[in-house]
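Asks: Sequence first, predicted coordinates after that:
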Amino acid sequence: MAVIARPRGAVETAAADRFTTERRLAGINIIIAFSALALGGLMGVFQVLEYNGIDLYTPIKPALPGGYYQGLTLHGVLNVLVFTTFFIVGFLTFVAARSFDRPMASKGLGWGALGVMGVGLAMAAVPILLNQANVLFTFYPPLKASGFYYLGLTLVVVGTWLFEANLIMTYRAWRKDNPGAKTPLAAFMVIITMTMWCVATIGIASEMIFLVLPWAFGLVPGTEPLLARTLFWFTGHPIVYFWLLPAYVSWYTMVPHHAGGKLFSEPMARVSFILFLILSVPIGIHHQITDPGIAAAWKLVHVIFTVGVFFPSLLTFFNVVASLEYSGRKRGGQGWLAWIFNLPWSKPAFTTQVFAMLLFAFGGISGLVNASYNVNLVVHNTAWISGHFHLTVGSAVALSFMGITYWLVPHLTGRQLWSRNLALTQAGLWLVGMGLFSHFMHTLGLHGMPRRTQIGAAPYVLPDWEVLLPFTLVGGLLMFASAICYYLNMVMTMSAGKPLEASAEEAQMPFAKAVSGPEDVPAFLDRFTPYLAVTFLLLAVNYGPTLYDLISNGRFNIPGVSPW
Ligand code: HAS
Ligand code: CU
């Protein structure tokens, strides 16, 4: 990796040479991703302190004049848009190349994707930092930010399309050289993830091109908020699976290897990913159950399909736990559950990702609550939702990505992880801290505490919130401690880690074999086009009438507001 000097004597395998570009791209993307998470995460600490009456915004007013809402915009944009997207593009570039066992087809597209995303990030960051874009990561019109904020985020998305183009070219070249072979599982999963994402971004691209950019740059006087929200959630729901599926790629194709065992079933893993391709996109209206102007019948249809997308995660639950059980028993574990103790808990890459899974099981349950039409009316726009997504994107995704770096950073830099104990402490602090924080956020939501609100300054704080809020502070501070452990370990690994030996596990790519592997995969589980056709069909059915209605009845003349 160019950005970090490899230590003397570090492993230089033949594979390392063939994949130099992919290694560099992965390294740079990961550094940008985790730099964004550092600032975004710090803003989270400010928020939980503010909830509990400790206001750090006033002392730093010159740096952050927009206070809580500017901080919250940074928190959302940096953590769930920038951290995720950069990490995913870097990680998946590397995984795809290693899984196909060939470099990506176009170096130019690889660097081009990074360049476009980097320019986009800089363009979006400036208005946020200048207090001209306090519109949060959902940027609902008529709230209006500087046009460059939207343009910058659009460019980040365009960068991901370039990665998809490179991926398809690589797949085609691989297929030409391997007619009749089954697509390797990790590569198959990467293609499904990115293809789903590209279909999903039709919504946000339309919102930007037709509604938001012309309005934000003053070319037209107004916009249409409800249509904009609907197009936002067209992308904004499936984006959660764009974040999740790369973690699943790791849980399916690598964690069983870290565990010392095998993946339980490759065919079942493929079914799960195909279901994600079909079902992720046509269900965004479950974010708009309380919005007026959308027919209740279509809300119900989206809710029913949302319950459908629960199933590929249940399949994953079963398959991943079965793989862990296989590994535990292979390592001598016995009994109904005692095999759990035989898993390699001293390995940071393993333990961190299993902790992420544990937290996700609870996030999944609260997702099902959100998706229940009538119960959503109780939890919508309350702290419950923040509780939900800190277990999903904040744990299943972010904690898994940290776990991945515990092997990937040594692999890329040729340096051993600086401290395994610090890494295990980090994972444990996140498990407990996030468990506490999100449990009490869920509970506060049930007690009516709103989300996206400067609670410390609110004149209506209820006595029961005052009892529950300190627990969120304890959880938040434990996560802060976890983050400090993480960053310290990473900086020390990159600057002072001992050379990695060629025989070390981290020197190899940790793809797992499967108990039921490629030989059991029927041809129909190695296809893309038929499932893509079903995706478009479902999209047309689930969105067609609502979008037609919103466009034909739209007013398109609502001016913007920037209340800061
Ligand atoms: Fe969600 C709102 C429904 C999953 C993220 N969600 C959000 C928001 C975010 C978000 C960011 O229907 C807020 C957006 C905003 O700002 O307004 N969500 C669901 C459902 C699921 C779900 C049904 N969400 C996610 C994922 C996210 C995410 C994944 C990010 C990565 N969500 C909703 C709804 C709303 C919503 C409504 C709107 C609410 C409102 O009113 O605003 C499901 O896909 C979840 C399925 C998950 C499972 C868990 C499977 C567990 C596994 C691990 C097993 C392994 C273990 C290890 C336990 C079924 C695979 C065992 C270990 C051993 C040692 C044995
Ligand atoms: Cu959703």
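Replies: Cool, the structure landed. Ligands and ions are numbered 1, 2, ... in the order given.
Asks: buried ones in stretch 443-450?
Replies: Within stretch 443-450, the residues scored as buried using 16 or more other CB atoms under 10 Å are 443-445, 449. The C-beta positions use only the backbone N, C-alpha and C, and glycine is treated the same way.
Asks: now stretch 485-505
Replies: 485-487, 489-490, 493-494, 497, 499-500, 504-505.
Asks: What number of residues are in the vicinity of the residue in the stretch 51-200 of the chain that ligand 1 sits nearest to?
Replies: Nearest residue of the stretch 51-200 of the chain to ligand 1 (CB to the nearest ligand atom) works out as residue 138 at 5.4 Å. Neighbour count for residue 138, taken as other CB atoms under 10 Å: 14.
Asks: give me phi/psi at it?
Replies: phi -90, psi -10 (degrees, to the nearest 10).
Asks: from here on, count from 309
Replies: Will do, 309 is the new start, and the previous item becomes residue 446.
Asks: re the thing from before, now flag whichever of the buried residues of stretch 751-758 is closest to residue 399.
Replies: residue 753 (32.1 Å; CB to CB).
Asks: Return the residues in contact with the closest one.
Replies: For residue 753, the contact set (CB atoms under 8 Å, 6 or more residues apart in numbering) comprises 687, 690-695, 759.
Asks: Leaving out chain neighbours, which residue sits closest to it?
Replies: Spatial nearest neighbour of residue 753, chain neighbours left out: residue 692 (2.6 Å); criterion: CB to CB, 6 or more residues apart in numbering.
Asks: which SS state does the one you found fall under?
Replies: Judged by DSSP: H, G, I helix; E, B strand; the rest coil, the three-state class of residue 692 is helix.
Asks: Surely it and residue 748 touch.
Replies: No: using CB atoms under 8 Å, residue 692 is not in contact with residue 748; the gap is 10.7 Å.
Asks: Quick one: name the residues of the stretch 609-758 of the chain near ligand 1.
Replies: Residues of the stretch 609-758 of the chain that fall close to ligand 1, judged by CB under 6 Å from any ligand atom: 614, 617-618, 621-622, 624-625, 628-629, 632, 648, 662, 665-666, 668-669, 672, 675-676, 678-679, 684, 688, 693, 696-697, 700-701, 704-705.
Asks: Work out which residue lies at the spatial centre of this structure.
Replies: The residue lying closest to the centre of the chain (CA atoms, centre = their mean) is residue 551, at 2.5 Å.
Asks: Tell me the spacing between that residue and residue 832.
Replies: For residue 551, the distance to residue 832 equals 28 Å [CB to CB, to the nearest Å].
Asks: Go ahead and report the secondary structure state at residue 377.
Replies: Following three-state DSSP, the label given to residue 377 is helix.
Asks: pretty sure it contacts residue 445?
Replies: No: taking CB under 8 Å as the definition, residue 377 is not a contact partner of residue 445, at 11.9 Å.
Asks: ok, back up a step: so residue 692 and residue 748 - more neighbours on which side?
Replies: residue 692 (25 against 22).
Asks: wait, what's in contact with the more buried one?
Replies: 674, 677-678, 749-750, 752-754, 759.
Asks: same check, this time on residue 528
Replies: Residue 528 touches 522, 864, counting by CB under 8 Å, 6+ apart.
Asks: Likewise for residue 774?
Replies: Counting by CB under 8 Å, 6+ apart, residue 774 has no contacts.
Asks: and it, how far is that from ligand 1?
Replies: Distance, residue 774 to ligand 1, by CB to the nearest ligand atom, to the nearest Å: 25 Å.
Asks: Give me the pLDDT for that residue.
Replies: Listed pLDDT for residue 774 reads 97.
Asks: Excluding chain neighbours, what is closest to residue 531?
Replies: Nearest to residue 531 is residue 523, by CB to CB, 6+ apart, at 4.2 Å.
Asks: Neighbours of residue 686, how many?
Replies: Residues near residue 686, counting by other CB under 10 Å: 13.
Asks: if I pick the closest residue to it other than its chain neighbours, what's in contact with it?
Replies: Excluding the flanking residues, the one nearest residue 686 by CB to CB, 6+ apart is residue 754, at 7.4 Å. By CB under 8 Å, 6+ apart, the residues touching residue 754 are 686-687, 690, 692.
Asks: now, which of those sits nearest ligand 1?
Replies: Nearest member of the contacts of residue 754 to ligand 1, counting by CB to the nearest ligand atom, is residue 687, at 6.1 Å.
Asks: mind checking how far the residue nearest to the closest one when sequence neighbours are not counted is from residue 689?
Replies: Distances taken as CB to CB, 6+ apart place residue 753 nearest to residue 687, at 5.6 Å, with adjacent residues excluded. From residue 753 across to residue 689, the span is 9 Å (CB to CB).
Asks: In terms of pLDDT, where does residue 325 sit?
Replies: 73.
Asks: For burial, what's the neighbour tally of it?
Replies: Neighbours of residue 325 using other CB under 10 Å come to 9.
Asks: Equivalent analysis for the one 4 residues further on, please.
Replies: Applying other CB under 10 Å, we find 16 other residues in the vicinity of residue 329.
Asks: For the helix or strand containing it, buried residues please.
Replies: Residue 329 is located in helix 328-359, with elements delineated by DSSP states H and E. Neighbour counts over helix 328-359 (16+ other CB under 10 Å) mark 329-342, 344-345, 347-359 as buried.
Asks: tell me which of the contacts of residue 692 is nearest to residue 735?
Replies: residue 749 (20.7 Å).
Asks: Confirm that closest one sits in a helix?
Replies: Yes: under three-state DSSP, residue 749 falls within a helix.
Asks: and the closest residue in space to it that isn't next to it in sequence, what pLDDT?
Replies: Closest residue in space to residue 749, ignoring its immediate chain neighbours: residue 695 at 3.4 Å, by CB to CB, 6+ apart. Looking at residue 695, its pLDDT reads 98.
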